[in-house]
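Asks: any chance you can model this:
(2 chains)
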2 protein chains.
Amino acid sequence: MELYVERGFDETTVAEIAKRAGLTERTFFRHFADKREVLFAGAAMLQDLFVAAVVDAPSDLAPVDTAMAGVVAGGALIGERPAFSRQRYEIIAANAELQERELIKLASLSAALAGALRRRGVPDHGASLAAEVAIAVFKIAFERWVSDPVHLDLVQLMRASLDELRTVTADSETGRPAATRP
Amino acid sequence: MELYVERGFDETTVAEIAKRAGLTERTFFRHFADKREVLFAGAAMLQDLFVAAVVDAPSDLAPVDTAMAGVVAGGALIGERPAFSRQRYEIIAANAELQERELIKLASLSAALAGALRRRGVPDHGASLAAEVAIAVFKIAFERWVSDPVHLDLVQLMRASLDELRTVTADSETGRPAATRP
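Replies: Prediction:
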């Protein structure tokens, strides 16, 4: 990934990546379908983490809090690798094709979360909505965090973003934020 | 678009589309960058509609309701063309590359909505969250509607999805749905 930063994603060849990592090209292709996958190899693990955390969440949690348990588990892992995450983010931000793949991976994560919620008995559309909300919180908290990943706390930002989301979805007629507590 | 349904998106050439529409290929390319753009040409108009409705929304609306005014304006237009929308949806659902482009267009719509909210004074992250929520409602309501666009009402489904979203984002600790009214 250092190479992507040094030379740009488009200018880096698989041969160079393999050499830097001390691998043959053949070994590289045993692990990654193409050079983009170096950046997205973590998505499957993230998805497993999301789903496992939803399965393990307390049964009395509201749907969005259950979905949030999934993305928070992912956030905790991402938060452990600030330098990597920052680099990866910058590489993706500089390349339209990579941004598209990132969107696709986020859509898959959302679908996986919704599936896990449905298996816990959350009704169909409610599950999709809760998953979309959690992914939006994940995305926006990540974008805040990655501006200064060494000093900010990703999981804290996720919780703050969810609170903020409850405020912005407050009903206009009552003006009462959803997160108001007695 | 009929051709995409008849023969599949991949098998249809620009020459065939132009012929069916009574255009030369040259005229076709004056209007569309490529054959995919036939399906996405409406996105710019949709975006303008979203933004205009946000600008015109009453100033006392909550951020999500303001964003919803945008997507509801779009929904009203889409709802007028059930047969077209259904066909377009089926073509896209059958093709991974088109699904990706659809995700990208939705991300652009979300960014445009968030920008319009910020210009109304909604704080930065709150604007992004409200826009993401409205787009999630738009997407999920559209998927419900397109299963039977002749009998269902897209705008009604959007409002129902927003209510459902307020229910799923209800705070676990109070158990009170956000949309509960006095």
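Asks: can we go C-alpha only for contacts and neighbour counts from here?
Replies: Noted.
Asks: which helix is the longest one in chain A?
Replies: Ranked by number of residues, the top helix in chain A under DSSP state H is helix A:96-119.
Asks: got a list of contacts for the next helix or strand after that helix?
Replies: Past helix A:96-119, heading to the C-terminal end, the next element that is a helix or strand (DSSP states H and E) is helix A:124-145. Residues from elsewhere that reach helix A:124-145 (C-alpha atoms under 8 Å, 6 or more residues apart in numbering or on different chains): A:63-64, A:67-68, A:71-72, A:75, A:106, A:109-111, A:113-115, A:117-118, A:152-154, A:157-158, A:161-162, A:165, B:125, B:128-129, B:132-133, B:136-137, B:140, B:161, B:164-165, B:168-169.
Asks: in helix A:124-145, what's buried?
Replies: A:125-145 (16 or more other C-alpha atoms under 10 Å in any protein chain shown).
Asks: quick one: that helix to helix B:124-145, angle?
Replies: The directions of helix A:124-145 and helix B:124-145 differ by 150 degrees, with axes from the mean of the first three to the mean of the last three C-alpha atoms, to 10 degrees as the criterion.
Asks: any idea which helix or strand comes after helix A:124-145?
Replies: Of the helices and strands lying after helix A:124-145 in sequence (DSSP H and E), the nearest is helix A:154-168.
Asks: if we can go back for a sec, buried ones among the contacts of helix A:124-145?
Replies: Neighbour-count burial within the contacts of helix A:124-145 applies to A:63-64, A:67-68, A:71-72, A:75, A:106, A:109-111, A:113-115, A:117-118, A:153-154, A:157-158, A:161-162, A:165, B:125, B:128-129, B:132-133, B:136-137, B:140, B:161, B:164-165, B:168-169; the criterion is 16+ other C-alpha under 10 Å.
Asks: and A:R86, how close does it get to A:M158?
Replies: With distances defined as C-alpha to C-alpha, to the nearest Å, the gap from A:R86 to A:M158 amounts to 17 Å.
Asks: same check on A:H31?
Replies: When C-alpha to C-alpha is applied, the distance between A:H31 and A:M158 equals 32 Å.
Asks: can you pull the pLDDT of the residue nearest to A:L157 when sequence neighbours are not counted?
Replies: Once flanking residues are discounted, A:L157 sits nearest to A:A141: 5.3 Å by C-alpha to C-alpha, 6 or more residues apart in numbering or on different chains. At A:A141 the predicted local confidence, pLDDT, stands at 94.
Asks: give me the number of neighbouring residues for A:R26.
Replies: Summarising burial for A:R26: neighbours were counted as other C-alpha atoms under 10 Å in any protein chain shown, giving 12.
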